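1. Just need the structure, nothing else, for what follows:
(chains A and B)
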Amino acid sequence: MSAQKDGWVFSFLFLLFCASSIPARGGERLLRELSPQEYFGSLQAGRASLAYFSHNVSPGAQPFLEQIENSAEALQDYGISVVKVNCPKEDVSRYCGKENALRKAYLFRGNMLIREFPTDALFNVNSIVANVLFALLFNEVKYVETLADLQNIENALKGKLNMVFAYVPATGTAEHRAVMEAAFVYGTVHQFVLTTEATLLKDAGSDEPDASSAQLLFCHCQWATDLGQPCRRTAMGQTLTMLNIHRHLKLMGAPLVTEVAEDPEKVSTVHLQLGLPLVFILSQKETYEADRTTAEFVAWQLLGKAGVALLSRDLVDLNILLRANVALKTPDEGVPIKYLVLEDTDEVITLVEDKNEVKQIQEDEEENEEDEDEKENNNQDIQDDQVAEAVSRDKKRELPLEQILALTEETFHSALLGTARTVVLFYASWEAVSLAVLQSYTEVADHLKGTGGVLLSRVNCWDWPGVCTKENVTQFPTIKIYEKGERSVIYNGMWGTEELTSFIVLSRVSCPLKLATIDEAEGYLRGEFPSELSSYHHTSLLGVFSTATGEAREAFEEAGNILSGHVTMGMYFEDDALALSRKYAVSPPALLLAKSGGQSVEGIALSKQSAQDMVQMIRYKLLDNFPEITVQNLPRYLQLRKPFLILFSDGGISQMESKEMLKVAKGRPQQAFVACWLNLKKTPVGRGVLKAYFATVPSPPVLIWVNLHAGGQVFKFPSEQSITETNILSWLEKLKAGLEVPSSTLSEEDWKPPLPAYDFLQMMETAVPELPLHTSHRPGDTPDQHPPQSPGGDTALREEPSQETKAEKVGSPGRDLRGTAPRLAAREKQGKRHSEL
Amino acid sequence: LGLALYASSLCAASGAAFLYHDYCVIGAGPSGLQVAYFLQQAGRDYIVFERSHAPGSFFALYPRHRKLISINKQYTGKSNSEFNLRHDWNSLLSHDRQLLFRHYSRDFFPNADAMVHYLEDFASLLKLRVQYNTAIVHVTLERDGQAWNGHYFLLTDQDRQNYKCSSLLVATGTWVPNVVNFPGSEYVEGYETVSINPEDFAGQTVLILGRGNSAFETAENILGVTNFIHMVSRSRVRLSWATHYVGDLRAINNGLLDTYQLKSLDGLLEGDLEDLAIIKDKKGKLHITLRFYLDNRNTSAGIDSITLPQDELDNFATRAPYDRVIRCLGWKFDFSIYNRSLRMMPGKGNKKKYPQIKPSYESRSTRGLFVLGTASHSVDFRKSAGGFIHGFRYTTRAVHRLLENRHHGVPWPSTVYPITQLTNSIIKRVNEASGLYQMFSVLADIILLRENATAFEYLEEYPVGVLAELEMQTGRKAPNGLFVIIMEYGRNFSGADKDVFYYNRAVGEAQHAWQSNFLHPVIYYYKRLPTEREMRLRPPDWPLPRPDAVHHIVEDFLTDWTAPNAHILPLRRFLENCLSTDLRNFFAESCFLFAFTRQKLPPFCRQGYARMQGLVGSEGLRHHAVEAGLLEDYTLIDFSGDRAPESREGSQDRLLRDHTIPVRPLQHLVNAKDE
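-> Here you go, the predicted model:
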């Protein structure tokens, strides 16, 4: 981007250089002083010069003379020399003689007088340059005062030349000068028209003419065919400076649509060089005419914002999707060309305009950030950890901890023995994540109020490190559930209220639960037994074994221990187990999996699996075919490390969609992806996901394919197609074949430090240069506890400070009680927080 | 095994009967008992020899005036037992909570008898193997290629009983009184024997030689009854509150400074004791003169012929005669029992009272001989607390850990944590660790990074002087860089003639933390272990060579380094930048978003959320995060894309307003009562 900018600034400078190459001579005084004879003798045909006649410098003319002198250089760029003519006292010739002639400056071309300027029209360099050029370019720049004049000129130009129409509130301004300077360069290419009448602007098509600011319109009269219609106009949105006008005219001068027959990566047009994007309309022989019209239409819409090129696919062998019809090349280096499938021209235009807008915003932000950097040393001292900040904002609120027993080194062991089940949260009172979990823990306590046999307690490891060490707590926070006098289980689920509550409740029942009768077993499969779990019940797992012993049963029991709290597992190994298993068409040892209250029971034969394998298998079996994905359950599906086919829906999904999706999900024997849906009402962060995928968030339902683990490409199911199994499957086929264009690609970036740290090493070196911090330590150095105070030298440096001056050296407001109030008051800026993650 | 041990301990190898032990400890003082405790816990074969009939025989005699100047703080307002050890200078380390000194004395400056009692209990309750009434009178070496260190130590006691050990731990302290010999030194009474009954000094004029705590303690005792006390010493007085060294003059003993400065007859003088001479006149009064005059005197002439300084300089300061002269010059290590082959050499300069040892506390010349306790103070003399119980209890533990690794293949204890716990583990230690705090700049916690910085290993209280030998000494590997956590005072803050009470002495802003003056944590980062050469060439007064990056946690008035913004946040940024990663915590919702929008997750999400341990967070907390602008509330986003609905703008306005409320706590109020 900046390279491009540099590029065109350079070309502009080159142009200026050409314009000024002849007269520029370094070191010479630009304002020459000559006698009248010398002056008139030196005038060359065709060379312009600005002369000022004086007897001797009268005091009043002094400022004017200064301005003339200052403008000499600028004028020299346009080949105009500036001369001060010293009239001899006795001279009474035309220019020297008359008193009032001395108050004027004269513009000559050769020895012909073009114009005489009263000195008050030449009040500064801008006005001098503007007025002098205005006079010299009399033919190139037409001055109009009435609408009729303007229309006459316009009509005369149609089919011949383009017109540059400029409005300036007054002549002699910087804008006027910019227009004149542009006219000097482009005067032969375009017809320049200047006005100071704001009314003309209104008729020129500007909706709300702002009479106070200058404007410039490019009127495309060259291509105008209809004499009755005014020429098309393209306003220049920026302020009138030489650079902006140059840029605008360059853009207007570029062909409307460039025809391209090479690899778009290699194409470069004036637009790209000027930092604007280039839109390719991908055309085919059959549709060439229509595409050409489309391209022209788009080009008119984007004139001044982006370039448009027409690319014939027949001529270029592009390894891209056949359906792609538009490509976007941005001026930023290294950004690959995006190929898109767009439906109408509006989309093309929004695409470009959004991009520009985003860029504009980014640039603004960057500028702001830079400003702030300078002001405040990078915001390093502002908290950008969402958890730490949230907890610290909440610190004044007292948590309702009445339900949770605080244990100490002394009470810990007795408390464990006192209740059947003790839940202990080990935390550190200074640690943010611990405190966040403590909050959820209070909510758990609320839910479980009145539940017998469970004691909720906590140990603050900052107060009682001995207990925490002894209980092998190395991380904060840790939750352990102790069973009276026996084993303890470490909670390894989500740190959320619901999950923790359910874990505590489920782990109250032994896992696996031994079922005594076949009725109990049946009830268990229906989710009716044991009763205390009925409200937390989702899926029941029942192991059926023919004998009371055996490897499979032992493995099953061990698996139960591992999964305790997360699932409900039962087992049945009475004599009639065979009957039970036969009912579900399996033979023991087997696992019966009952979802949604026993309506469907799946039987799985258990072979010689290890407990770990069994845990894996059970975890896998518990995953849904077409789950609603939530913040809480995503990790379970993430672990499959498969691509996601995910339907974003605003609210619930329709039965039809659900059915079709389920078909897709189940249809594949070896599921190669996770088919799921997301309820944006329930999981609003899904909107954040969509926002990241698309510049403009499509309206739901949106079906997305995202390959999280390989490549990170995101594809969107075409919204015009209905969500049916066939459509989805054929779309997936196309994805596989590489026939679709990804909407976006997930960033591969590593997580780097969000901000730099204080560089104390460098501070020490700057402040105390005599401290031999470098390892290249001279052997002669004597260890010295009191380094010599260096009284001389740069006092601005923080030299090894004497203790008296040390007070001032830091420069920060005092660090003791004195001045605390003003210091805190000065911390208003405190409010600032990082908004970026 | 017990039988085998029994057999080996009775080995009669080369004629003379030797009782064999793996470890022999000489001295059952605090450090001897401390190392005995660790050896016992580790199940090692050891014996402690004590010449007295009970442990802590030094404390049975000294200090003469029985007041210990090590603090015994009953209350700290905290229940953290590790933290409380920072303010308990008398307890030894053990698992038994009853063996804390506060159960033995309620005095802030306890009586020395309590220490004797405490040491007796420590030895007996923990069943430490101490052999009393055994004075080791000679130590020599027996070369043997099979031995741990290429030689055995042969010890002989007063009854000619011989003992043979693989490793010798010298915990004899410094107990030989420093004596200066000059003409007339026979008139000088020693601190060891001088009367402690103030009545004996009533109406007397006393000269005290020495300027340590024992000299001032002696003066303090008799200050009220003497005519006046003068005190002579070579060096200027060093006040421990100015030097931050507990061995310097403690405020509890400095009554004489008061009376001197208030011109109440007592006084301090500087002079070299070697140049002095004392002569006794006929009335028994003691006069100070210079050895110079005595050297020139006519030996046959009487006492009256000796020139006194006042004869030539009639306002000579100590022209008044004294009734008593007391020597309080401290103690030195007993070098006499070691055979020359052990080459136990005194240190240089002001460390000559200590034997020469390495920063690993091993003798410079004899492998396998470690010096513990007060005698090991040469490592940090006049710097840290290694010469005192509250310091050497930790260095003794460090030595034990070195031995465990060297002889028994037990690597230095360590804990492995995931990288997300990095900030936490440092904050936890700097806030409670007592060893780091007491043995500042000497013992350091070491964090060894695992590959790709996904995990790290935490080693506590390693002697920083042997950092270069870390891999060999600990049995742990450090191929991926390390952090060293240490506590330091400001480099030019402490000193004998420094004003430590100047205004703005405390630094409050985290960004100026490197200028902190009071004890504060410093974290050094090395991409690879420093070499021995680098350790040798480190800048003077630096505990460590130049690191790749360094972080100071700003000093804190309460020594509580848990402030989220002033302490934890800058530390996290430092760690993040050293490891080039993002160590922030995220709510599950953010991790969810990252999981769908980035190919990689930040460590907190990777090690938590992705393993189904995401931090869901309560509604209220998430709301706070949204208000802080650190979490986006997507429920407010309208679907039609770019059109931002009114509600959202409104909420942003509110956000901005909220932002102007200052939320920071007072972080650094400095106590300045004089203001």
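2. Now do the domain split for the chain, please.
-> If you meant another chain, say so; for now it's chain A. Domain assignment for chain A by the TED database gives A:33-123, A:139-252, A:254-359, A:391-506, A:625-748.
3. um, chain B though
-> Per the TED database, the structural domains of chain B span B:19-174+B:333-402, B:185-329, B:414-579, B:588-626.
4. I'd like to know which of these has the weakest mean confidence.
-> Least confidently modelled of these is domain B:185-329, at a mean of 86 by mean pLDDT.
5. could the domains of chain B go into TSV alongside distance to A:Y288?
-> All C-beta atoms are positioned from the backbone trio N, CA, C, and that covers glycine. Formatted as TSV, these follow (distance: least, C-beta to C-beta, whole Å):
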stretch	distance to A:Y288
domain B:19-174+B:333-402	82
domain B:185-329	88
domain B:414-579	55
domain B:588-626	40
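6. quick one on the thing from earlier: kindly reformat the domains of chain A as TSV containing mean neighbour count, distance to chain B and mean pLDDT.
-> Shown next, in TSV, are the domains of chain A (neighbours: other C-beta atoms under 10 Å in any protein chain shown; distance: least, C-beta to the nearest C-beta, whole Å; pLDDT from 0 to 100):
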stretch	mean neighbour count	distance to chain B	mean pLDDT
domain A:33-123	16	45	77
domain A:139-252	18	20	82
domain A:254-359	17	7	79
domain A:391-506	19	3	90
domain A:625-748	18	4	86
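7. Can you say which of those is nearest to B:F58?
-> Closest approach to B:F58 among those is made by domain A:391-506 (31.2 Å; C-beta to C-beta).
8. follow-up on the earlier one: looking at the domains of chain B, which one is packed in the most?
-> Of these, the one with the most neighbours on average (mean count of other C-beta atoms under 10 Å in any protein chain shown) is domain B:588-626, at a mean of 23.
9. coming back round to it: what would the domains of chain A look like in JSON lines with distance to B:G481?
-> Below are these laid out as JSON lines (distance: least, C-beta to C-beta, whole Å):
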{"stretch": "domain A:33-123", "distance to B:G481": "60"}
{"stretch": "domain A:139-252", "distance to B:G481": "51"}
{"stretch": "domain A:254-359", "distance to B:G481": "32"}
{"stretch": "domain A:391-506", "distance to B:G481": "21"}
{"stretch": "domain A:625-748", "distance to B:G481": "25"}
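10. so which of those domains comes closest to A:S540?
-> domain A:391-506 (11.7 Å).
11. Return the distance of that closest one from the chain's centre.
-> Mean-position distance between domain A:391-506 and its chain equals 41 Å (C-alpha atoms, centre = their mean, to the nearest Å).
12. What of stretch B:487-503?
-> Here the centre of stretch B:487-503 is set off from its chain's centre by 18 Å, with C-alpha atoms, centre = their mean.
13. Just the CA trace of that stretch, in CSV.
-> Listed next in CSV are the C-alpha coordinates belonging to stretch B:487-503 (Å, rounded to 0.1, in the frame of the first residue of the first chain):
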residue,chain,number,x,y,z
MET,B,487,14.6,-11.1,45.9
GLU,B,488,16.7,-8.0,46.0
TYR,B,489,17.1,-4.7,47.8
GLY,B,490,17.8,-1.6,45.6
ARG,B,491,21.4,-1.7,44.6
ASN,B,492,22.5,1.5,46.2
PHE,B,493,19.9,1.8,48.9
SER,B,494,21.5,0.0,51.8
GLY,B,495,24.8,1.0,53.3
ALA,B,496,26.6,2.1,56.4
ASP,B,497,26.4,5.8,55.8
LYS,B,498,23.2,6.0,53.7
ASP,B,499,20.1,7.9,54.6
VAL,B,500,17.5,5.2,54.3
PHE,B,501,14.7,7.6,55.3
TYR,B,502,14.9,10.1,52.5
TYR,B,503,11.7,11.3,50.9
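14. before we move on, the earlier item: mind putting the domains of chain B in TSV, distance to chain A included?
-> Formatted as TSV, these follow (distance: least, C-beta to the nearest C-beta, whole Å):
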stretch	distance to chain A
domain B:19-174+B:333-402	5
domain B:185-329	10
domain B:414-579	3
domain B:588-626	3
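15. Among those domains, which comes closest to A:L113?
-> domain B:414-579 (69.5 Å).
16. How far off centre is that closest one?
-> Using C-alpha atoms, centre = their mean, the offset of domain B:414-579 from its chain centre is 16 Å.
17. End to end on it, go ahead and measure it.
-> End-to-end distance for domain B:414-579: 21 Å, by C-alpha to C-alpha, to the nearest Å.
18. With stretch B:344-358 instead?
-> Start-to-end span of stretch B:344-358 (C-alpha to C-alpha) is 12 Å.
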